[in-house]
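Visitor: predicted model and sequence below, questions to follow.
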Amino acid sequence: MQPTAVPADRLLERFLQYVRIGTAANPENDQYPSSPGQLTLGRLLADQLLEMGVADAHQDENGLVWGTIPSNVSSPCPTILLNAHLDTSPEAPGDHCHPQILSDYDGQPIVLKTGEIIDLESTPELADLIGHTLITTDGTTLLGADDKAGVAAIMQCAQTWLENPQIQHGPIRILFTCDEEIGRGTRHFHVKTSGADLGYTLDGGGAGTVDVETFSADGATVTFRGRNSHPSVAKGKMINSVRAAAEFLSNLPSQTLTPETTSDRLGFIHPYTIHGGVSETVIQFILRDFDTPKLQHYADLLRETANQVVQKTPGLEVHVEIARQYRNMADVLRQAPKTIDLAEQAYRDLGIPYRRDSIRGGTDGALMSELGLPTPNLSVGQFNIHSVREFASLNQMQLAAQHVIRLCELWTQA
Ligand SMILES: [Zn+2]
């Protein structure tokens, strides 16, 4: 079928306007949102939604932007939340982004102004993008297509619906969140106030993907407590927690169950910081697996290994504390298979090759799903995210908008 016309020039204009506003999340700042640029971009979006005719568009007291497009069909149909995040990753510079447009991409390596190169070796997906309009940076900053590609696509969908009332859709709730990149995307999100029955995040790479799985995730803090005394008179008295921590770490698997040795569906136990001294040493871990019950096994393995070390040294103590982080959204999406089936149907209807995928990480959708709102993630043309080599395909952003419009139409017939 013929996709709805979504004008590429307007989509590009929006995208360029949004990426020029620096919105890097700041993990050092406990305020919400963690950087002022997110409020600036949010205000602009709320104003633009109002101008389009989204009557209730507003930025709430936490900086989240909300808007509703009422249903234009008579049959009752579920309320769909469309979500993207305003912040960008703190892992690469985000301020003063100078987007560069590459029309009709010819397949050659892309050399940024800083000399940084994007080529087939680092980015095999480039082979599929010949003829596309690509947007890169000058190499000094990230682009912020993660997730301003999602923001721009949702904004362009809204405009398309308002200008074309013949395109059928049920009630749409638009939500732009803050600080997703530092794990705070849903801090001020409540399913009930959202009024939504299901959701989609537009925060994925390339085209044609429905992300239906994320990791399940826990954090673990392992604290060894020994006893300090002056080294000159330490014989028989000192209990060194640094040695205990070293032995504990070397007894954990290193050739399996680590991020360095796993991919695809394999999970891991990952120590990422250690600090301490003779009397106390603290090691922090993240535990990750698609299979949620395995997190319990990983926690048990940490406890057993720690206890083996402690048993050899009278007076040495260990505490293992597990903190729940997020859960694989597949556990929730299994109860709402239509959210995935219709997303695939919409790709089929538009002739876009599609696949289901799993993310070795989390999304706001994983947290929303856990809160009771089934929310898979959709492609929106992002590449090389969190780096100065980040770029976006305008053609794929346009496809993403067309896909969402078709998807929402399908929900009116579901
Ligand atoms: Zn993102």
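Guide: Nice, thanks for sending it over.
Visitor: which residues are in contact with residue 150?
Guide: 83-85, 201-203, 380, 400 (CB atoms under 8 Å, 6 or more residues apart in numbering). To be clear about C-beta, it is placed using only N, CA and C from the backbone, and glycine gets the same treatment.
Visitor: ignore what I typed, I meant residue 98.
Guide: 137-138, 140-141.
Visitor: okay, now the residue in the stretch 151-300 of the chain that the ion sits nearest to: neighbour count?
Guide: Per CB to the ion, the residue of the stretch 151-300 of the chain with the smallest distance to the ion is residue 203, at 4.1 Å. For residue 203, the tally of surrounding residues (other CB atoms under 10 Å) stands at 26.
Visitor: in a strand, it, correct?
Guide: Yes - Residue 203 forms part of a strand when assessed by DSSP: H, G, I helix; E, B strand; the rest coil.
Visitor: per-residue confidence at it?
Guide: Note on residue 203: pLDDT of 96.
Visitor: so it makes contact with residue 82?
Guide: No - counting by CB atoms under 8 Å, residue 203 sits too far from residue 82 to count as a contact (11.0 Å).
Visitor: just to revisit the earlier point, ok, which pair from the contacts of residue 150 is furthest apart?
Guide: Farthest pair in the contacts of residue 150 (CB to CB) is 85 and 400. Separation: 15.1 Å.
Visitor: near the ion, which residues of this structure?
Guide: Residues of the chain lying near the ion by CB under 5 Å from the ion: 146-147, 203.
Visitor: I'd like those as CSV, with distance to residue 16 appended.
Guide: CSV is the format used below for the residues of the chain next to the ion (distance: CB to CB, whole Å):
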residue, distance to residue 16
146, 16
147, 15
203, 19
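Visitor: mind putting the contacts of residue 150 into JSON lines with distance to residue 331?
Guide: Converted to JSON lines, the contacts of residue 150 look like this (distance: CB to CB, whole Å):
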{"residue": "83", "distance to residue 331": "20"}
{"residue": "84", "distance to residue 331": "24"}
{"residue": "85", "distance to residue 331": "23"}
{"residue": "201", "distance to residue 331": "17"}
{"residue": "202", "distance to residue 331": "22"}
{"residue": "203", "distance to residue 331": "20"}
{"residue": "380", "distance to residue 331": "24"}
{"residue": "400", "distance to residue 331": "26"}
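Visitor: show me where the stretch 51-200 of the chain dips below the pLDDT cut-off.
Guide: For the stretch 51-200 of the chain, no stretch has pLDDT under 70.
Visitor: now for residue 39, how many residues are close by?
Guide: For residue 39, using other CB under 10 Å, the count is 17.
Visitor: leaving out chain neighbours, which residue sits closest to residue 34?
Guide: residue 26 (4.3 Å; CB to CB, 6 or more residues apart in numbering).
Visitor: next, that neighbour: secondary structure please.
Guide: Residue 26 - assigned by three-state DSSP - is coil.
Visitor: now do the same contact list for it.
Guide: 34-35, 90, 182.
Visitor: of those, which pair is most distant in space?
Guide: Across the contacts of residue 26 (CB to CB), the longest gap, 10.0 Å, separates 35 and 182.
Visitor: settle it for me: which of these two has more neighbours?
Guide: Neighbours per residue (other CB under 10 Å) separate residue 35 from residue 182, with residue 35 holding more: 24 against 19.
Visitor: quick check: pLDDT value at that one.
Guide: 98.
Visitor: identify the residues contacting it.
Guide: Here residue 35 is in contact with 22-26, 29, 87 (CB under 8 Å, 6+ apart).
Visitor: if you rank the contacts of residue 98 by neighbours, which is first?
Guide: Top of those by neighbour count (other CB under 10 Å): residue 137, with 28 neighbours.
Visitor: quick check: domain ranges of the protein?
Guide: 8-214+328-413, 216-326 (automatic domain parsing).
Visitor: for residue 2, which of those domains is the nearest?
Guide: If we rank these by CB to CB, the stretch that ends up nearest is domain 8-214+328-413, at 9.0 Å.
Visitor: look up how far residue 310 lies from residue 213.
Guide: Noted for residue 213: a distance of 37 Å to residue 310, by CB to CB, to the nearest Å.
Visitor: er, residue 196 actually
Guide: Residue 196 is 49 Å from residue 310, by CB to CB.
Visitor: which one of those two is surrounded by more residues?
Guide: Of the pair residue 196 and residue 310, residue 196 is the one with more neighbours under other CB under 10 Å, namely 22 against 16.
Visitor: pretty sure the more buried one is touching residue 68, no?
Guide: No - Residue 196 lies out of contact with residue 68 (CB under 8 Å); the separation is 10.1 Å.
Visitor: now do the shared contacts for these two.
Guide: What both residue 196 and residue 68 touch, as defined by CB under 8 Å, 6+ apart, is the set residue 173.
Visitor: tell me the contacts of the closest residue to residue 262 other than its chain neighbours?
Guide: Nearest residue to residue 262 in three dimensions, chain neighbours excluded: residue 268, at 5.3 Å (CB to CB, 6+ apart). For residue 268, the contact set (CB under 8 Å, 6+ apart) comprises 257-259, 261-262, 287-289.
Visitor: and those residues, which are buried?
Guide: 257, 262, 287-289 (16 or more other CB atoms under 10 Å).
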